[in-house]
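Trainee: No sequence on hand, only this structure:
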RNA sequence: GCUGGCGUAGCUCAGCUGGUAGAGCAGCUGAUUUGUAAUCAGCAGGUCGGGGGUUCGAAUCCCUCCGCCAGCUCCA
């Protein structure tokens, strides 16, 4: 007999060997409807798993991450089964679940076409219809080896070679057998809705020296309604694409003749950037930073000392020679900031020293990784370096993290995630330094009462770091802030300060960027707001439109008045119908549309229409000014 | 960088199997004087990504380079 307790509370005793499914069915049958798999004493298993000891059973559904992974993993099997049916000569490799959906890598003599995908989808539908169960089989390694050898599945043999256990598990669905740890959903019929989304090349085991395989991506859901809403999400993301909006709204340009990954900020984008920069500079001065400017190039010697030429050279633009001396365009600002630190003898009383710069750097990025504003070759970091004593580390980190959160909040990003990366295997610096630094990161976020997760061993070789990502309006995560300790550069440049006891000490150096880079941040802003910037950031805040030629002068006057109040306003006095002008303003996503006709002119008023809200009504010009200014000053993000 | 797809007017796109380019929007000119998401008409606009080749003839076929897109690998 075994005692079983369900996570929903029910308990019962059963004969040993009873399956998980049967226990759920007996104790709480309603749970069975959505259950895909189950956790038995914390271990994920199939519903067909036989119990031979007392167990705590938690049904796993699509609502949990684990459930989705099981579901998508099983979907990948179904896809592989379909591909094998249609193209028996393909070799299968691996097919894991991913964040949303799944993929499976195949070795095939040609690449798959969109037509192939359709055929595969049809075959998958058939397999789902046939409702094969996922049968688990346990074989000895030798038996499995023979089986896959007979099937000609050489990649599976390679995987088998790496498995240390003597027995391995296989799953069989219909005529398709795959080496797999499991668990799986009970049968193929559970996958009610799916779609293959794309094909792409991928290296076997992600190593570019290996053979390129054909990867097919897909998503699947227990109901077609869920699939539809996911496809809607993709549509929505497409509409927000900053590359598309950047062109439509004339924000920026990336021109072939200028060079890939090099951004030209058009007047409207440049306006947004200027507002961001002004705000950023003001905030930094208030927070005790000193703003500096440094050159775009530096002598090779500088990069030798900093170590960049030994560990970062492949990301740098190549050497240039002037009067027989080598120079490099800067990929980072730190060496220059260090020279600011070194320009004076520093006392313990001088610390912390916080140096900030909107520093433009250039990095060689492989052509294939460039992506709009999000991944470019020339960009401006909102960079700063903090030099401090050990007893100041904790406060500095805490203040920096708080500063980042406050700043991101002003841009409308309130939903954040925090990751702390700890010491990697290969690292420099003493254990004590790592402990102090890592501890200060953890203490800082805990003191601020924030949730965080630890990324074990993900820190840079020169120090631990804390990354802050934001979740945008449609739930996507973007990397922005990073706060990193650097144990390397103070050593290399021999930084020090005179302590109170007269001894020389090495300062702690913290590297941080809050927005990340202006280019990327701008890209994220565009996507988050779908081009509808909050008024304080909008390139054009108000457009005054005349109804007939009789109001041209009045319209120009109103626009002038707004401008004199610091509002970015302009007038549209073209000889066009008001509907045309409104439409133009709507398309350009201008927040305030100010209509003036005969009535308004006579009363000295304006008719206001707010984008995203509609008609506001007739207002005096001063009332409009107050309304817009209030929205600017509070940096309001909601319409 | 690798794999696959793509590159036609400022923008969005059409142009079947080769027969020296077309639409809408934007622009310009004119008419119209208009009340909250497109008034009408006319005009102008392209070495079809660059170079080479096949052909009587290439936007269309081949080669090569460049760029873009989706991934892979890597990241602010």
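Mentor: Arrived safely, thanks for sending. The structure displayed is predicted, hence computed values, not measured ones.
Trainee: Okay, and residue A:126 sits in which element?
Mentor: Here residue A:126, judged by DSSP states H and E, is contained in helix A:114-130.
Trainee: Could you check how far that helix is from the centre of its chain?
Mentor: 32 Å (C-alpha atoms, centre = their mean, to the nearest Å).
Trainee: residues from the stretch 501-639 of chain A in reach of RNA strand B?
Mentor: Contact residues (C-beta under 7 Å from any atom of the strand) of the stretch 501-639 of chain A with RNA strand B: A:513, A:516-517, A:519-520, A:547-550, A:575-580, A:582-583, A:586-587, A:593, A:595, A:597-600, A:607, A:609, A:615. For glycine as for every other residue, the C-beta is placed from the backbone atoms N, C-alpha and C.
Trainee: Quick check: strands, which of these are part of them?
Mentor: A:513, A:516-517, A:593, A:595, A:607, A:609, A:615 (DSSP state E).
Trainee: that older thread, which strands or helices does whichever helix or strand comes after the helix holding residue A:126 pack on?
Mentor: Per DSSP H and E, helix A:114-130 leads on to strand A:135-140 as the next helix or strand towards the C-terminus. In terms of contacts (3 or more C-beta pairs under 8 Å, 6 or more residues apart in numbering; DSSP states H and E), strand A:135-140 is packed against strand A:167-173.
Trainee: What residues sit buried inside the strand it packs on?
Mentor: Buried residues in strand A:167-173, counted by 16 or more other C-beta atoms under 10 Å: A:168-173.
Trainee: Just after it, pick out the following helix or strand.
Mentor: strand A:176-179.
Trainee: Which neighbouring elements make contact with the helix or strand just after that following strand?
Mentor: Following strand A:176-179 in sequence order, the next helix or strand is strand A:193-203 (DSSP H and E). Packing partners of strand A:193-203 (3+ C-beta pairs under 8 Å, 6+ apart): helix A:65-86, strand A:101-107, helix A:114-130, strand A:212-221, helix A:224-240.
Trainee: Tally up the residues packed near the closest residue to RNA strand B within the stretch 351-500 of chain A, please.
Mentor: Residue nearest to RNA strand B within the stretch 351-500 of chain A: residue A:368 (1.8 Å; C-beta to the nearest atom of the strand). Neighbour count for residue A:368, taken as other C-beta atoms under 10 Å: 6.
Trainee: Check whether it sits in a helix, strand or coil.
Mentor: Look at residue A:368: counting by DSSP: H, G, I helix; E, B strand; the rest coil, its state is helix.
Trainee: pLDDT wise, what is residue A:196 at?
Mentor: Residue A:196 is assigned a pLDDT of 85 by the prediction.
Trainee: Spit out the contact partners of it.
Mentor: A:79, A:117, A:120-121, A:216-218 (C-beta atoms under 8 Å, 6 or more residues apart in numbering).
Trainee: how about a cut-off of 6 Å?
Mentor: Neighbouring residues of residue A:196 by C-beta atoms under 6 Å, 6 or more residues apart in numbering: A:117, A:121, A:216, A:218.
Trainee: Also residue A:553?
Mentor: Residue A:553 neighbours (C-beta under 6 Å, 6+ apart): none.
Trainee: What are the buried residues along the strand or helix carrying it?
Mentor: According to DSSP H and E, residue A:553 maps onto helix A:552-564. For helix A:552-564, the neighbour count (16+ other C-beta under 10 Å) marks A:554-559, A:561-562 as buried.
Trainee: Count the neighbours of the residue lying closest to residue A:563 once chain neighbours are set aside for me.
Mentor: Of all residues not flanking residue A:563 in the chain, residue A:569 sits nearest, at 5.3 Å (C-beta to C-beta, 6 or more residues apart in numbering). For residue A:569, the neighbour count with other C-beta under 10 Å is 24.
Trainee: The one 3 residues further on too?
Mentor: Counted by other C-beta under 10 Å, the residues lying close to residue A:572 total 21.
Trainee: Could you list everything it pairs with in the sheet?
Mentor: Counting by DSSP bridges, residue A:572 forms beta bridges with residue A:545.
Trainee: Give me the pLDDT value at it.
Mentor: So, for residue A:572, pLDDT stands at 95.
Trainee: and stretch A:389-408 with RNA strand B, contact?
Mentor: No: Stretch A:389-408 stays clear of RNA strand B (C-beta under 7 Å from any atom of the strand), getting no nearer than 12.0 Å.
Trainee: Could you list the buried residues of the lowest-mean-pLDDT helix or strand in chain A?
Mentor: When each helix and strand of chain A is scored by mean pLDDT, DSSP states H and E, strand A:193-203 comes last, with a mean of 81. Neighbour-count burial for strand A:193-203 flags A:193-197, A:199, A:202 (criterion: 16+ other C-beta under 10 Å).
Trainee: Just give the strands next to that strand in its sheet, each with its orientation.
Mentor: When DSSP bridges is applied, strand A:193-203 pairs with strand A:212-221 (antiparallel).
Trainee: wait, what's in contact with the residue most central in space within chain A?
Mentor: By C-alpha atoms, centre = their mean, chain A has its centre lying nearest to residue A:478, at 2.9 Å. Residues in contact with residue A:478 (C-beta under 6 Å, 6+ apart) are A:470, A:524.
Trainee: For my notes, confirm it occurs in a helix.
Mentor: No: read with three-state DSSP, residue A:478 is strand and lies in no helix.
Trainee: Beta-bridge partners for it, please?
Mentor: Under the criterion used (DSSP bridges), residue A:478 bridges to residue A:470.
Trainee: Per-residue pLDDT of the residue of the stretch 351-500 of chain A closest to RNA strand B, please?
Mentor: 85.
Trainee: The one 5 residues further on too?
Mentor: You'll see residue A:373 listed with a pLDDT of 95.
Trainee: can you check residue A:326 too?
Mentor: Residue A:326 is given a pLDDT of 95.
Trainee: count of neighbours near the closest residue to residue A:198 other than its chain neighbours?
Mentor: Nearest residue to residue A:198, sequence neighbours excluded (C-beta to C-beta, 6+ apart): residue A:217, at 4.8 Å. By other C-beta under 10 Å, 20 other residues sit near residue A:217.
Trainee: where does the nearest residue to residue A:605 once chain neighbours are set aside land on pLDDT?
Mentor: Closest residue to residue A:605 in three dimensions, ignoring its sequence neighbours and counting by C-beta to C-beta, 6+ apart: residue A:618, at 5.1 Å. Residue A:618 carries a pLDDT value of 95.
Trainee: And residue A:618, its phi and psi?
Mentor: Backbone torsions of residue A:618, given as degrees, to the nearest 10, read phi -90, psi 130.
Trainee: where does residue A:208 land on pLDDT?
Mentor: 65.
Trainee: re the thing from before, surely the residue nearest to residue A:198 is in contact with residue A:103?
Mentor: Yes: if you go by C-beta atoms under 6 Å, residue A:217 and residue A:103 touch, sitting 4.7 Å apart.
Trainee: Where does the prediction get shaky in chain A?
Mentor: For chain A, residues meeting the criterion pLDDT under 70 lie at A:114, A:208-209.
Trainee: How is it partitioned into domains?
Mentor: Listed domain ranges for chain A are A:2-60, A:65-240, A:264-294+A:333-529, A:295-331, A:542-633 (source: automatic domain parsing).
Trainee: which residues touch residue A:361?
Mentor: So residue A:361 contacts A:330-332 (C-beta under 6 Å, 6+ apart).
Trainee: Can you tell me who it pairs with across the strands?
Mentor: residue A:379.
Trainee: Output the set of residues of the stretch 101-250 of chain A in proximity to RNA strand B.
Mentor: So the stretch 101-250 of chain A meets RNA strand B at A:111, A:198-203, A:206-208, A:212, A:215, A:243, A:247-248 (C-beta under 7 Å from any atom of the strand).
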